[in-house]
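# sequence and predicted model, in that order:
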Amino acid sequence: MTMTRILTFICILFLLTACAPASTPAPEPVTVAAEPSLIPAIFTATPLPAETFTPSPIPPTETPNPTATPIPVESLKAKVSVEKIICRYGPGKNYLYLIAFNINTPIRLLGRTEGKNNWVLVENGTQDCWLDSTQVAIENGANIESLRIVYPTGYKIPVSPYYGPTTVLTAERTGDEIKIKWAEVLVSPGKYEDENMFPYIVEIWYCKDGEIYFDTLGSRIPEITFTDQEGCAEPSRGRVYVQEKHGYAGPAEIPWPGR
């Protein structure tokens, strides 16, 4: 009996040992990270310098470039296109005769007058002269408007050694019509170039269709009448010369009448 109880006890002990759960190892201690501080950082505010406002420079207003004015040429080559052409001391048919050129004569044009006009200055040795550009053929189809202006400031007509200038007495306007009178200067018949010579030459820069034209008028008496319109940006003007075969006396400036 005793042995039987011992065996039974051993079996019960064995069964209890086999069914017991394995022991759980003790957990290792966990290192807890320190929580971040919730206290806000304190900053010492450094005052910013006051902002100075500098306005951006405003670009200049661009103005459109005006139409470029062509640079005048020094000269133009041409040939006489009529049988014979007369070259004169001044820019007009009533000035004294200097020389004649035959057809196809090569010539060089040097300048033109102030104001619209067909007459051009031609190179001619020691004494240049003037002729009508409508009677010449200019090379390369050029226009006399490309020539520099040489009259009245760049070219001087010959001065008379025998006569003094006249004096303009009156200058009257009636609408567009102007009448000029001046003191008479008697030219000796021996001082005429020929029977067609005018003893007085009147140069006028007058307004026509909104532009200034230049013309020379001849007169045998000390007065003349011509037309001067309104509507030009530049003022009209004029002057009177006494003409004899050796040159010109004057000029006498015309006191241009207003409207």
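On my side now, so go ahead. Owing to the predicted nature of the structure, the values given are computational and were not obtained by experimental measurement.
# helix, strand or coil for residue 255?
Following DSSP: H, G, I helix; E, B strand; the rest coil, residue 255 is assigned to coil.
# that one - nearest residue in space that isn't next to it in sequence?
Once flanking residues are discounted, residue 255 sits nearest to residue 171: 5.3 Å by CB to CB, 6 or more residues apart in numbering. For glycine as for every other residue, the C-beta is placed from the backbone atoms N, C-alpha and C.
# which residues touch the one you found?
178, 179, 180, 181, 254, 255, 256, 257 (CB atoms under 8 Å, 6 or more residues apart in numbering).
# swap in residue 156?
With contact set as CB under 8 Å, 6+ apart, residue 156 has no partners.
# out of the contacts of residue 171, who has the most neighbours?
residue 180 (25 neighbours; other CB atoms under 10 Å).
# wait, residue 180 touches residue 224, no?
Yes - taking CB atoms under 8 Å as the definition, residue 180 is a contact partner of residue 224 at 5.5 Å.
# now the common contact residues for those two.
With CB under 8 Å, 6+ apart as the test, residue 180 and residue 224 both reach residue 202.
# residues in a beta bridge with the residue nearest to residue 255, which ones?
With DSSP bridges as the criterion, residue 171 is bridged to residue 180.
# cool, and residue 216?
Going by DSSP bridges, residue 216 is paired in beta bridges with residue 203.
# find the nearest non-adjacent residue to residue 74, please.
residue 148 (7.3 Å).
# which ones are touching the one you found?
So residue 148 contacts 72, 73, 74, 111, 112, 154 (CB under 8 Å, 6+ apart).
# wait, the last one sits on residue 111?
Yes - taking contact to mean CB under 8 Å, the distance of 6.5 Å between residue 154 and residue 111 places them in contact.
# counting neighbours, what do you get for residue 89?
19.
# brain fart, residue 126
4.
# so where does it fall, helix or strand?
Under the criterion DSSP states H and E, no helix or strand holds residue 126.
# what are the phi and psi values for it?
Torsion angles at residue 126 (phi, psi; degrees, to the nearest 10) stand at phi -80, psi -20.
# gap between the closest residue to residue 207 other than its chain neighbours and residue 120?
Using CB to CB, 6+ apart and skipping residues adjacent in sequence, the residue nearest residue 207 is residue 232, 3.7 Å away. Distance, residue 232 to residue 120, using CB to CB, to the nearest Å: 23 Å.
# between the two, who's got more neighbours?
The residue with more neighbours, out of residue 232 and residue 120, is residue 120; 24 against 17, by other CB under 10 Å.
# you'd agree residue 212 is in a strand?
Yes - assessed by three-state DSSP, residue 212 belongs to a strand.
# which residues touch the closest residue to it other than its chain neighbours?
Counting by CB to CB, 6+ apart, residue 212 lies nearest to residue 115, which is 4.7 Å off, once chain neighbours are set aside. Each residue near residue 115 by CB under 8 Å, 6+ apart is listed here: 205, 212, 213, 214.
# out of these, which is most surrounded?
Within these, most neighbours by other CB under 10 Å means residue 205, with 23 neighbours.
# where does the prediction get shaky in the protein?
The chain contains residues with pLDDT under 70 at 1-69.
# how about the strands in the stretch 151-259 of the chain?
According to DSSP state E, counting those that start in this stretch, the stretch 151-259 of the chain carries its strands in the segments 168-174, 177-182, 200-208, 211-219, 223-227, 237-244, 247-253.
# a markdown table please, covering the ones you listed and showing distance to residue 140.
Listed next are these as a markdown table, based on distance: least, CB to CB, whole Å:
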| stretch | distance to residue 140 |
| --- | --- |
| strand 168-174 | 43 |
| strand 177-182 | 40 |
| strand 200-208 | 30 |
| strand 211-219 | 26 |
| strand 223-227 | 36 |
| strand 237-244 | 34 |
| strand 247-253 | 35 |
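# closest one to residue 99 among those?
strand 247-253 (16.2 Å; CB to CB).
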